[in-house]
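**Student:** quick one, structure for this:
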Amino acid sequence: MSGSTAVKILLCLLVMANRALTQPEAGPRAAGQEAWTELQQYFHQAVDEGRLPGIAMAVCNGDQVKTDAYGMQYAEMGIPMQTNSIFRIASMTKPIVSTVAMMLYEEGRLGLDDPVSRYIPAFEKTYVFIPSEDGAAGRMEAMTPVTIRHLLMHTSGLSAAGFGGPPFDEMYRQLFTPPPVSLEDMADRLAKAPFLHQPGEGWSYGHSIDVVGRVIEVITGKPLDQVLEERITGPLDMKDTGFTVPANKINRFAAGYGIDGEGKWVLQDAPGESRYVKGPVFPRGNGGLVSTLHDYLRFAAMMANGGELDGRRYLRRETVALMMENHLPDELVPIKVGKVTMNGQGFGIGFGVLVEDTPYGGMKGDCFWPGAYFTYFFINPHTGTAGVFMCQHSDLSRLKYLFDFHGMANRVFPAVIGK
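**Tutor:** Below you'll find the predicted structure:
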């Protein structure tokens, strides 16, 4: 899936999230085992009725874990969905890369208020997009240096094609023509990109974490994928998480689906033909990882447990709390994606943060983020619950299911078990 397609899907996903925030769920809500059974029945029915092609989901709290897979992983080949199926997780890459950045912060190798130009000299002089009355593109020099904090909070001003409108979007498209061939190439191009606003004066979704990924490479002297393996995916036993799918795992790689004009599922990305198998790809911060239910739940559980899992500490508890706290000032809450206001949503460091209880069942303080190919995770820091939902399609009319999962899964472990 191209970057521009992913942006469009995620934009519509967040629009649907905004609608979900304003649509209350009727009737009493189950809790505990009854809530898990209700969750399974709800999503099994959605698959049986053809509203979802196949799903895998998990909820955990402490040592208690519930998992489920239903439907088809690759319908054309008759392969059923499995709990170890491999999925494209797109923007769910961002929290993992942000976590590695915070590890470097704890080690004193990276400061949140460091200027990005300290690590990527091309960011020494940056520019803000200024639209003119005749619709032409203008620019002015940024008045504030872009910092690591700005990048991690998406307040840098960096955005992407699809979020700024013409001629801003066209400027981004030209910037990535031809496509970058490495993360270093991408970051240097982004230093020349128009910013949507002055650094720190707005919230704009886009390529900020790609730049964080490059900063990690500069500090460590290693490729981003190697750093992720050494610090996160290796120690957490996330054996199926990476930027490519090796040949011996194609049989577990879920097919990607779209919808045709008659509302029927059609194959969009066949596993054996996918760029994740054939390339070309390079490690990025914004997206690009594939993962499994087990793997991402390991990461989410570690964060839900305050930065520790199975006796190994990855981040200090206070650092995790810092990441899961809304850091946006009141004037930037709720966040806006393009022109759409996301009611109830702020942003921390690497995570979206709910600043109020939501009608669909999200709780104030919950951290979350989606992936453009219909994946989702959340962490409830109050109960210690973490949930992961995986599916692989791009039909934008069905995105409410991600937030239904959040609300229903939040009730499976309502007591503070793992804290």
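**Student:** CA atoms for contacts and neighbours, from now on please.
**Tutor:** Noted.
**Student:** got the contact list for the closest residue to Lys239 other than its chain neighbours?
**Tutor:** Using Cα to Cα, 6 or more residues apart in numbering and skipping residues adjacent in sequence, the residue nearest Lys239 is Thr233, 6.8 Å away. With Cα atoms under 8 Å, 6 or more residues apart in numbering as the criterion, the residues that contact Thr233 are Lys239, Thr241, Asp295.
**Student:** now the buried members of those residues.
**Tutor:** With burial judged by 16 or more other Cα atoms under 10 Å, the buried subset of the contacts of Thr233 is Thr241, Asp295.
**Student:** closest to Ser98 among the contacts of Thr233?
**Tutor:** Checking the contacts of Thr233 against Ser98 by Cα to Cα gives Thr241 as the nearest, at 16.0 Å.
**Student:** for the closest one, which residues are in contact?
**Tutor:** Applying Cα under 8 Å, 6+ apart, we find Thr241 in contact with Thr233, Leu289, Val290, Ser291, Thr292, Asp295.
**Student:** so the second one touches Ala90, yeah?
**Tutor:** This points to Leu289. Yes: Leu289 is within contact range of Ala90, at 6.2 Å (criterion: Cα atoms under 8 Å).
**Student:** so what pairs up with Tyr127 in the strands?
**Tutor:** Beta bridges link Tyr127 to Glu141, Pro194 when assigned by DSSP bridges.
**Student:** mind checking pLDDT for it?
**Tutor:** Per-residue confidence (pLDDT) for Tyr127: 95.
**Student:** isn't it right up against Glu141?
**Tutor:** Yes: Tyr127 sits in contact with Glu141 when judged by Cα under 8 Å, with a separation of 4.3 Å.
**Student:** so which of these two has more stuff around it?
**Tutor:** Between Tyr127 and Glu141, counting by other Cα atoms under 10 Å, Tyr127 is the more crowded of the two (22 against 13).
**Student:** the more buried one and Ser117, how far apart?
**Tutor:** According to Cα to Cα, to the nearest Å, Tyr127 and Ser117 sit 14 Å apart.
**Student:** chain neighbours aside, what residue packs nearest to Gly288?
**Tutor:** Ala90 (5.2 Å).
**Student:** and for that neighbour, the neighbour number?
**Tutor:** The number of residues packed near Ala90 is 24, by other Cα under 10 Å.
**Student:** just Leu267 next, same as before
**Tutor:** The burial count for Leu267: 16, using other Cα under 10 Å.
**Student:** so it, which state does it fall into?
**Tutor:** In the three-state summary, Leu267 is assigned as strand, counting by DSSP: H, G, I helix; E, B strand; the rest coil.
**Student:** residues contacting it?
**Tutor:** Leu267 is in contact with Ala255, Gly256, Tyr257, Gly258, counting by Cα under 8 Å, 6+ apart.
**Student:** out of those residues, name the ones that lie in strands.
**Tutor:** In strands, defined here by DSSP state E, the members of the contacts of Leu267 are Gly256, Tyr257, Gly258.
**Student:** got a winner among the residues you listed for most neighbours?
**Tutor:** Within the ones in strands among the contacts of Leu267, Gly256 tops the neighbour count with 25 neighbours, counted by other Cα under 10 Å.
**Student:** and the pLDDT for that residue?
**Tutor:** Gly256 is assigned 98 on the pLDDT scale.
**Student:** and Gly261, by the same measure?
**Tutor:** At Gly261, the pLDDT value in this model is 89.
**Student:** got the contact list for the strand or helix carrying Met102?
**Tutor:** Mapping Met102 onto the secondary structure by DSSP states H and E places it in helix 93-106. Contacting residues not belonging to helix 93-106 are listed as 110-112, 152, 209, 212-213, 216, 228, 231-232, 285-289, 299, 314-315, 319, 349-351 [Cα under 8 Å, 6+ apart].
**Student:** and what of stretch 286-298?
**Tutor:** Contacts made with stretch 286-298 from outside it, assessed by Cα under 8 Å, 6+ apart, are listed as 56-60, 83-94, 206-210, 233, 236-245, 386-390.
**Student:** among the helices and strands of the chain, which has the poorest mean pLDDT?
**Tutor:** helix 3-21 (a mean of 52; mean pLDDT, DSSP states H and E).
**Student:** mind listing what's buried in the very next helix or strand once past it?
**Tutor:** Toward the C-terminal end, the helix or strand that comes next after helix 3-21 (DSSP H and E) is helix 33-48. In terms of neighbour count (16+ other Cα under 10 Å), helix 33-48 has its buried residues at Ala35, Trp36, Glu38, Leu39, Gln40, Phe43, His44, Ala46, Val47.
**Student:** columns pLDDT and distance to Pro370 on top of those, output as TSV?
**Tutor:** As requested, those are arranged in TSV below (pLDDT from 0 to 100; distance: Cα to Cα, whole Å):
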residue	pLDDT	distance to Pro370
Ala35	96	22
Trp36	97	21
Glu38	97	22
Leu39	98	19
Gln40	98	20
Phe43	98	18
His44	98	21
Ala46	97	19
Val47	98	20
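**Student:** between these, which sits nearest Ala304?
**Tutor:** If you rank those by distance to Ala304 using Cα to Cα, Trp36 comes first, at 19.2 Å.
**Student:** what residues are up against that closest one?
**Tutor:** With the criterion set at Cα under 8 Å, 6+ apart, Trp36 makes contact with Met408, Ala409, Val412.
**Student:** what's the separation between the first one and Thr37?
**Tutor:** Between Met408 and Thr37 the computed distance is 10 Å (Cα to Cα).
**Student:** how about Asp225: what's its closest non-neighbour residue?
**Tutor:** The shortest distance from Asp225 to any residue other than its chain neighbours is 5.8 Å, reached at Pro283 (Cα to Cα, 6+ apart).
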